[in-house]
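1. coords below, sequence missing:
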């Protein structure tokens, strides 16, 4: 059984977007049940003075580990993931996890930005902060986003090309807004249209507009029944297509590439045709704590 020990860091820590040029080196391959887990509480200060509440889950004891930043979904806080068994599984496999409340949410200060540039900058600084830890290998840092969280992640990666995470795991995020909303639940459509403020607002929050600049390993976790978009696979398809344009690193869907599809021979018109995405999607629905999703994170390392 995993042991969770609470530790508190009282002094606020200034953070900035500055990827470390050196750090420790880890060759650890995470696997379930590796060891015990410790938790740390951190108060971070963004470059505009706003304080952000963050937490760290890490393997007990010394060493150098891979790292993952968890970007929360929707307009939700992120510290709730601190207490989830799925987070303890990943940290207990030998990974340092950073969780945080985006500004304007939970215990963090500032105003809600709905995934816009200010929250994208915060994520970039938090990712740099994780990569700069003495116990994290900066060459093995991963961003994991859920749903609308990829809005933060894709924007951060484009706005800050100095960021160098080796991978992005996108669990059923949108691709192009507001187009994807045609397939979303009425509540989601109404809420976003209520707060939207013109074409630039939508563009800033459309991940497919920004993902092309990412040169790392992009992995889409996608079920045949999307948590927001039902049977519509258009968001997954466009994200995979855009990620594949320039990246020298792997791009895959649930760990699978076009070579793994029976439709591979008919894919000349696109790298990721719609029917191929549907074929390679996971059966049923998948949540972030689904065993398949956890394995797809650990498999990245």
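-> Happy to help now that I have it. Being a predicted model, the structure only gives us computed values, none of them experimental.

2. my read: residue 260 touches residue 276, true?
-> No - using Cβ atoms under 8 Å, residue 260 is not in contact with residue 276, being 9.5 Å away. (Each C-beta comes from the backbone N, C-alpha and C, glycine too.)

3. So which of those two has more stuff around it?
-> When residue 260 and residue 276 are compared for neighbours, residue 276 comes out ahead with 24 against 14, by other Cβ atoms under 10 Å.

4. On the pLDDT front, check the more buried one for me.
-> Here the pLDDT value assigned to residue 276 is 95.

5. That one: helix or strand, and which one exactly?
-> helix 274-280 (DSSP states H and E).

6. Name the next helix or strand following that helix along the chain.
-> Downstream of helix 274-280 (by DSSP H and E), the next one is helix 291-298.

7. What is the longest helix belonging to the chain packed up against?
-> Ranked by residue count under DSSP state H, the longest helix found in the chain is helix 117-131. In this structure, helix 117-131 makes packing contacts with strand 37-45, strand 51-59, strand 65-71, strand 96-100, strand 136-146, helix 149-159, judged by 3 or more Cβ pairs under 8 Å, 6 or more residues apart in numbering; DSSP states H and E.

8. Can you give me the buried ones in the helix holding residue 276?
-> The neighbour-count check on helix 274-280 (16 or more other Cβ atoms under 10 Å) flags 274, 276-280 as buried.

9. need the helices and strands packed on helix 117-131 in TSV with mean pLDDT and mean neighbour count, can you?
-> Below are those laid out as TSV (pLDDT from 0 to 100; neighbours: other Cβ atoms under 10 Å):
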stretch	mean pLDDT	mean neighbour count
strand 37-45	96	19
strand 51-59	97	23
strand 65-71	98	27
strand 96-100	98	27
strand 136-146	98	25
helix 149-159	98	26
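
10. so which of the buried residues of helix 274-280 would you say is closest to residue 89?
-> residue 280 (24.6 Å; Cβ to Cβ).

11. ok, now which ones touch the closest one?
-> If a contact means Cβ atoms under 8 Å, 6 or more residues apart in numbering, then residue 280 has 253-254, 256, 260-261 as its contacts.

12. Check it and give its pLDDT.
-> At residue 280, the pLDDT value in this model is 97.

13. what does residue 1 give?
-> With respect to pLDDT, residue 1 scores 36.

14. Let the chain start at 352 from now.
-> Noted, 352 is the first residue going forward, which turns the last one into residue 352.

15. before we move on, the earlier item: now for the helices and strands packed on helix 468-482, which one comes closest to residue 645?
-> strand 487-497 (10.4 Å).

16. quick one on the thing from earlier: residues of the longest helix of the chain that come out buried?
-> Across helix 468-482, burial judged by 16+ other Cβ under 10 Å covers 469-482.

17. Return the closest of the buried residues of helix 625-631 with respect to residue 387.
-> residue 631 (36.4 Å).
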